[in-house]
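Enquirer: the sequence isn't on hand, but the structure is:
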């Protein structure tokens, strides 16, 4: 993803989250907070937590969640080797049904690498 | 969704269902009938049944099914507060992996509200 | 389930939850609170919310969650007709793969009815 | 499974299905009929259909459904080689998360083979 | 799908697989080999294996996988009647949540039939 | 789990895997090898990989897989704090439907801790 595409992904996310917050009550807001807290640096480094979120998203086959964690992994300094090993676990656990999502995961990663070079 | 978009959603659904009926045998036709009957008003009001279909669709994370039941809920007179409480249950049961679908559920609902106002 | 069996189910649940709380940090505790709050009476009656939890549990095929919501539905005054209609929606949405869980759902319900009579 | 165990599996199934039928309305009964019809000999032989049901059950990871289709495959004359190839597809599609169910599938098959020999 | 569309589907697949191979290590490559081998003609005919892959993809609700196996089934000489019976099993096992995928499955099949005629 | 229980869990696993190997062809054997290789120490430490396997197993809700990775995490030197943070991510991603499995995960961990002390 070019920096622009990342920006677009984030903007759409923001816009939709605003609609969620417009209708969402206390429970949904608390869930959102929780969803942010569990990835905070702790006994496990933030980098490891992003990889956990990524692999969970791959085996549950959610493209939006995968893309989000791919960006987070990239910003947390995950290397291509580390990413590949995590995704390989997700592939073996989740099976060939996860392959279309694996493809899009590596595509997003590849775009982030390209954006970094240019 | 503007009334036009709802119309488009229904038209595409109709067109594809015609292809299903072109190839589908007795079992598929019976399944379609069954899929319609279980939402009929009964001991439970139709409104409650649409909410059941919506939450089931959210935790199973099917965007098309969610959009369909959002429209049905809207037409059955579900209020924004009722919808929010049902979706909050779906979010807590189904987890953060359901959030991208929750966003699109509220987006569709918001469009229906806007269409009603204009 | 006889009253005794319900008691046993609850006791085992309590014991295991104590182990969760022994190790669980703030996030897990907050999740548990959230998991309780979303079923509170609100714009939707508590009875409807238990049915939503039940159908979500059926389509996601979790026996423990089904049994828990069956008991909650029973205590919230759900009738056999209402329960049947909700489970029929879960069956049609979730497919025949849900049948073994549907069987155990009705078995638990039948035991609760028997306990009430004796 | 010894013939006795198969019998026990069927008896428990029967007993629970009777409870389902005690509470179940027309929709549930129609679903049960449908669930039987789709496996009838047709353009595809019944043997192939049982293998389709088995692989679907494996990737969705339902032990009761797997055991049921293992017995049906056995009675339809599926060979060990055919069964292995079908389960291998299920394993690759469904991933390592299916392995515990794969183990129990082969265990049931092995017991059926043993029962046939004795 | 017109022949052109099939070609496009394959090209995109190829391009993304090249990105996977660019980053993927030995495990991912071995998985890809395995994912190809299990569909080879064996004790079960290749045609049956493609149907097994198709039904597994339908109940797991992966559109890309469904489209891929629909094309493979078409090229393996599966008839419309055989395809319908296999998809009916997938629908009954997987439930109404699979209907949007069933629609797209038949749509792809219908396009392949049209391409064959023209 | 006392050392004895761990031993029993492993023995049953071994026995069933022997049955898999008795019937399993090359593809299944290769899958088993792959399933072992992806957890080998690499760019990511073995400890991190076991946590990835654990969280994937939790969100996919497979008790056998969870127990296996809990033991592996224990032997790889994962601390209670690290385990808790990983499981909290799994809970938030996977939702309340994962709670029964979370309970059993902590129960197994608690038994391992107890075994270590005695």
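Expert: Yes, it's here. Bear in mind that the values here come from a model prediction, so they are computed numbers and not experimental data.
Enquirer: how about the longest helix belonging to chain A: buried residues?
Expert: For chain A, the helix with the greatest residue count under DSSP state H is helix A:3-23. Neighbour counts over helix A:3-23 (16 or more other Cβ atoms under 10 Å in any protein chain shown) mark A:6, A:9, A:13, A:16-17, A:19-20, A:23 as buried. Yep, even glycine has a C-beta here, placed from its N, CA and C like the rest.
Enquirer: and the helix or strand that contains residue A:35, what does it pack onto?
Expert: Per DSSP states H and E, residue A:35 falls inside helix A:26-37. Contact here means 3 or more Cβ pairs under 8 Å, 6 or more residues apart in numbering or on different chains; DSSP states H and E; on that basis helix A:26-37 packs against helix A:3-23, helix B:80-94, helix C:26-37.
Enquirer: contacting residues for the residue nearest the centre of chain A?
Expert: Most central in chain A under Cα atoms, centre = their mean is residue A:69, positioned 1.4 Å from the mean C-alpha point. With contact taken as Cβ atoms under 8 Å, 6 or more residues apart in numbering or on different chains, residue A:69 is in contact with A:50-51, A:53-54, A:57.
Enquirer: tell me which of these is nearest to residue A:86?
Expert: residue A:51 (4.6 Å; Cβ to Cβ).
Enquirer: just the pLDDT for that closest one.
Expert: pLDDT, residue A:51: 98.
Enquirer: host element of it?
Expert: With DSSP H and E as the test, residue A:51 turns up in helix A:46-59.
Enquirer: now the angle between helix F:46-59 and that helix, please.
Expert: Relative orientation of helix A:46-59 versus helix F:46-59 (axes from the mean of the first three to the mean of the last three Cα atoms, to 10 degrees): 40 degrees.
Enquirer: do helix A:46-59 and chain F meet at all?
Expert: Yes - interface with chain F: helix A:46-59 contributes A:48-49, A:51-53, A:55-57, A:59 (Cβ under 8 Å from any Cβ of the partner chain).
Enquirer: quick one: these as a markdown table, columns for distance to chain D too.
Expert: Converted to a markdown table, these look like this (distance: Cβ to the nearest Cβ, whole Å):
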| residue | distance to chain D |
| --- | --- |
| A:48 | 21 |
| A:49 | 22 |
| A:51 | 18 |
| A:52 | 16 |
| A:53 | 18 |
| A:55 | 12 |
| A:56 | 12 |
| A:57 | 15 |
| A:59 | 7 |
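Enquirer: relative to chain C, which of those is nearest.
Expert: residue A:49 (11.4 Å; Cβ to the nearest Cβ).
Enquirer: dump the residue contacts of residue A:79.
Expert: Contacts of residue A:79 (Cβ under 8 Å, 6+ apart): residue F:43.
Enquirer: please read off the pLDDT at it from the model.
Expert: pLDDT recorded at residue A:79 is 98.
Enquirer: now the closest residue to chain D within chain A, nearest residue through space, not along the chain?
Expert: Chain D sits closest to residue A:95 of chain A, with a gap of 2.8 Å, by Cβ to the nearest Cβ. Nearest non-adjacent residue to residue A:95, counting by Cβ to Cβ, 6 or more residues apart in numbering or on different chains: residue D:95, 2.8 Å away.
Enquirer: could you do residue A:90 as well?
Expert: Spatial nearest neighbour of residue A:90, excluding adjacent residues (Cβ to Cβ, 6+ apart): residue A:58 at 3.6 Å.
Enquirer: near chain E, which residues of chain A?
Expert: Within reach of chain E by Cβ under 8 Å from any Cβ, chain A has these residues: A:61, A:80-81, A:83-85, A:87-88, A:91-92, A:96-97, A:99-100, A:102-104, A:106-107, A:109-110.
Enquirer: in PyMOL, select just the buried ones from those.
Expert: In PyMOL, this line selects whichever of these come out buried by 16+ other Cβ under 10 Å:
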select buried, chain A and resi 61+83+84+85+87+88+91+92+96+97+99+100+102+103+104+106+107+109+110
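Enquirer: hmm, residue A:101 is touching residue A:63, no?
Expert: Yes - contact criterion Cβ atoms under 8 Å: residue A:101 and residue A:63 qualify, at 6.0 Å.
Enquirer: the two: which has the busier surroundings?
Expert: Neighbours per residue, other Cβ atoms under 10 Å in any protein chain shown: of residue A:101 and residue A:63, the larger number sits with residue A:101, 25 against 15.
Enquirer: which secondary structure element contains the more buried one?
Expert: Counting by DSSP H and E, residue A:101 is found in helix A:99-117.
Enquirer: hmm, back to that, and the buried residues of helix A:3-23, which is closest to chain C?
Expert: Minimum distance to chain C across those is 12.0 Å, recorded for residue A:23 (Cβ to the nearest Cβ).
Enquirer: state the pLDDT value of that closest one.
Expert: So residue A:23 comes in at 98 (pLDDT).
Enquirer: how close does it get to chain B?
Expert: According to Cβ to the nearest Cβ, to the nearest Å, residue A:23 and chain B sit 5 Å apart.
Enquirer: quick one: low-confidence parts of chain A?
Expert: Counting by pLDDT under 70, chain A contains low-confidence residues at A:1-4, A:118.
Enquirer: around chain F, pick out the residues from it.
Expert: Contact residues, chain A versus chain F (Cβ under 8 Å from any Cβ): A:34-35, A:38-39, A:42-44, A:48-49, A:51-53, A:55-57, A:59-60, A:65, A:79, A:81-82, A:84-86, A:88-90, A:92-94.
Enquirer: contacts only, for the nearest residue to residue A:31 once chain neighbours are set aside.
Expert: In space, and not counting its chain neighbours, residue A:31 is closest to residue B:91: 5.7 Å by Cβ to Cβ, 6+ apart. Residue B:91 makes contact with A:27-28, A:31, B:58, B:98-99, B:102, F:95 under the criterion Cβ under 8 Å, 6+ apart.
Enquirer: closest one to chain E out of those, please.
Expert: Nearest to chain E out of these is residue B:58 (Cβ to the nearest Cβ; 10.9 Å).
Enquirer: give me the neighbour count for that closest one.
Expert: Residues contacting residue B:58 under the criterion other Cβ under 10 Å number 26.
Enquirer: just to revisit the earlier point, which of the contacts of residue A:69 has the most neighbours?
Expert: residue A:51 (30 neighbours).
Enquirer: that one and residue A:72 touch, don't they?
Expert: No - assessed by Cβ under 8 Å, residue A:51 is found out of contact with residue A:72, at 9.4 Å.
Enquirer: make JSON lines out of the contacts of residue B:91 and add distance to residue D:116.
Expert: Putting the contacts of residue B:91 into JSON lines (distance: Cβ to Cβ, whole Å) gives the following:
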{"residue": "A:27", "distance to residue D:116": "56"}
{"residue": "A:28", "distance to residue D:116": "57"}
{"residue": "A:31", "distance to residue D:116": "54"}
{"residue": "B:58", "distance to residue D:116": "47"}
{"residue": "B:98", "distance to residue D:116": "47"}
{"residue": "B:99", "distance to residue D:116": "51"}
{"residue": "B:102", "distance to residue D:116": "52"}
{"residue": "F:95", "distance to residue D:116": "44"}
